[in-house]
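Asker: Starting from these lines, generate the structure:
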Amino acid sequence: TSKGKNNMNENDKEQEKKLETGNSFLQNKIVQMGIKILSYFAILSILFLLANIFETNKIIRGIIGLTFIFTTLFFLSENVKAINYKTLIVGFLFQLILALLLLLTQDFVGIFKAANDVFLALMEYAKKGINFLFASFVTGNLENPLINFTFIILPTIVFFGALIYFFYYIGLMELIIKAYAWIMMRVLGTSGAESVVASAKLFVGQTEAPLIIKPFLALLTRSEIFTVMSAGMATMAGGVMAAYVAMISPYIPTIAGHLLTAIILSVTASVYMSKTLIPETGDPVTRGDIKIKLEKPGTNLFEAITLGARDGMFLAFNVGAMLLAFISLIALLNDLVFNITSWLFTISPIKSINLLSFSFILKPFTFQDILSFITYPIAYLLGIPKHEAFLAANFISQKIVINEFVAYSNFAKTIAENPDVLSMQSKIILSYALAGFANFSSIGIQIGGIGALEPKIRPTIAQLGLRALIIGNLANFSSAVIAGTIMSHTNF
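Answerer: Alright, predicted model coming up:
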């Protein structure tokens, strides 16, 4: 009996020790996380103060913006010790050199302008089809009631859908995708599968690009899956880009060239940033090379164009329905929040808050104002002037919470109504910062779209969705900061 009691006492002591060890480990983790969070916000506070001091110095503001982005990247990395710093440093330098070549070097600026002119010329061809469908038989012109988003902007998606399928069929897309994938594999050291998908994202959507590597999806490492997702979040498809050009080109004539540049810079950033957040610790099957052949859409050129027009039509309908739903819901939320806060401020004695050199007047606000307040620090750290940061934050928050289509349409509407409400510097930064699919609805799109291609990786996609959204936005922000820093107002 005494031996049994002793054994029970020893077991109890062992369990107590294990419990104490577990509690101690948990406490240490909580303390470490607390220190990490405090350090992060301390760095952000310092950056905020420096941005306030060097408000008008474009170079220093650019350095501050990049410091904010890379600080966030390291803060969120799940394994800092496993980061391949060669990929990170070379990737960033590659992005920076591409930006300098495309935006500053005389020969490449010529190419940039030519690409912009070609894209705008293609937009004019899209108008030929629009005029044929919607012009009056009496006057031969588009009547005023038809000059709107539905009849001018959405049909361009149909035209560019057909055009992209045409390029796919004749092999032009395959040539460009393979060439850029080869560059990425050699420069960044990424695997063949993730490089091909990232390169394909220069032209197609976030669920279409992974189709190219469908046979390899089940074999991808966790880091490769994350890179595929991040590249999808950081860029946008050619069809919807055409719609943004149609919306903004009347106010920013070179927007087509800038959006093309934004896609190239952001897809590069998404790769090295994803490898920083979730470093590669496995052994990719396609490391060093991948042999792929893009399937031609349709049995001949005419079927390819027909399929492209059909898919473009579906996309245009989806965009229209999504805009109708979201804009209506936002209006409802705006009125609801405004009415509630109007009542609250009538009974509140506090009318304003002064913090450092920032002054906030308390007045009734809307749902969009709440989102702007949350993203205001981001807009300011990206290099946007203090007095314009709140408006810019509104567009950035719309892009993240809703989607970039709503953000660009409101951006275009705002500068159309008041061209001077934003400085050219802010317009540069916003044009690049909004150029990506990184929003909450895209998480669901990737789970449903990529997960349907290979159900085995669906749980991983669901787990990594929020982090891919963060990388997509950080990639867009890095391109925005770089472009805003190196460009002058005269060549935008």
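
Asker: going forward, measure contacts and count neighbours with C-alpha atoms only.
Answerer: Noted.

Asker: Could you point out the helix or strand that follows the lowest-mean-pLDDT helix or strand in the chain?
Answerer: Lowest mean confidence among the helices and strands of the chain (mean pLDDT, DSSP states H and E): strand 358-361, at a mean of 64. Moving toward the C-terminus from strand 358-361, the next helix or strand (DSSP states H and E) is helix 367-381.

Asker: helices or strands next to that next one in the packing?
Answerer: helix 2-53, helix 58-76, helix 301-346, helix 386-401 (3 or more CA pairs under 8 Å, 6 or more residues apart in numbering; DSSP states H and E).

Asker: Alpha carbons of it, as CSV, please.
Answerer: Taking C-alpha atoms only, helix 367-381 is exported to CSV below (Å, rounded to 0.1, in the frame of the first residue of the first chain):
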residue,chain,number,x,y,z
PHE,A,367,-18.2,53.2,-42.8
GLN,A,368,-15.6,54.2,-45.5
ASP,A,369,-14.1,56.8,-43.0
ILE,A,370,-13.5,54.0,-40.5
LEU,A,371,-11.6,52.0,-43.2
SER,A,372,-9.7,55.1,-44.1
PHE,A,373,-8.7,55.7,-40.5
ILE,A,374,-7.3,52.2,-40.2
THR,A,375,-5.3,52.4,-43.4
TYR,A,376,-4.2,56.1,-42.9
PRO,A,377,-0.8,55.1,-41.4
ILE,A,378,-0.1,52.9,-44.4
ALA,A,379,-1.0,55.6,-47.0
TYR,A,380,1.2,58.1,-45.1
LEU,A,381,4.2,55.8,-44.8
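
Asker: Run through who's touching that helix.
Answerer: Helix 367-381 is contacted from outside by 47-48, 51, 61, 64-65, 68, 330, 333-334, 337-338, 386, 389-398, using CA atoms under 8 Å, 6 or more residues apart in numbering.

Asker: Just the buried ones from these, in PyMOL syntax?
Answerer: Selection of the buried residues among these in PyMOL, burial being defined by 16 or more other CA atoms under 10 Å:
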select buried, resi 47+48+51+61+64+65+68+330+334+337+338+386+389+390+391+392+393+394+395+396+397+398
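
Asker: Buried deepest among the helices and strands packed on helix 367-381, which one?
Answerer: Highest mean neighbour count among the helices and strands packed on helix 367-381 (mean count of other CA atoms under 10 Å): helix 386-401, with a mean of 22.

Asker: Just the CA trace of that one, in PDB.
Answerer: Output of helix 386-401 as PDB, limited to C-alpha atoms (Å, rounded to 0.1, in the frame of the first residue of the first chain):
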ATOM      1  CA  LYS A 386      -0.200  64.200 -44.900                       C
ATOM      2  CA  HIS A 387      -3.100  66.300 -46.100                       C
ATOM      3  CA  GLU A 388      -3.900  63.800 -48.800                       C
ATOM      4  CA  ALA A 389      -3.300  60.500 -46.900                       C
ATOM      5  CA  PHE A 390      -6.800  60.200 -45.600                       C
ATOM      6  CA  LEU A 391      -8.400  60.300 -49.100                       C
ATOM      7  CA  ALA A 392      -5.700  57.900 -50.400                       C
ATOM      8  CA  ALA A 393      -6.300  55.600 -47.500                       C
ATOM      9  CA  ASN A 394     -10.000  55.400 -48.500                       C
ATOM     10  CA  PHE A 395      -9.000  53.900 -51.900                       C
ATOM     11  CA  ILE A 396      -6.400  51.600 -50.400                       C
ATOM     12  CA  SER A 397      -9.000  50.300 -47.800                       C
ATOM     13  CA  GLN A 398     -11.600  49.800 -50.600                       C
ATOM     14  CA  LYS A 399      -9.000  47.700 -52.500                       C
ATOM     15  CA  ILE A 400      -8.300  45.500 -49.500                       C
ATOM     16  CA  VAL A 401     -11.700  45.100 -48.100                       C
END
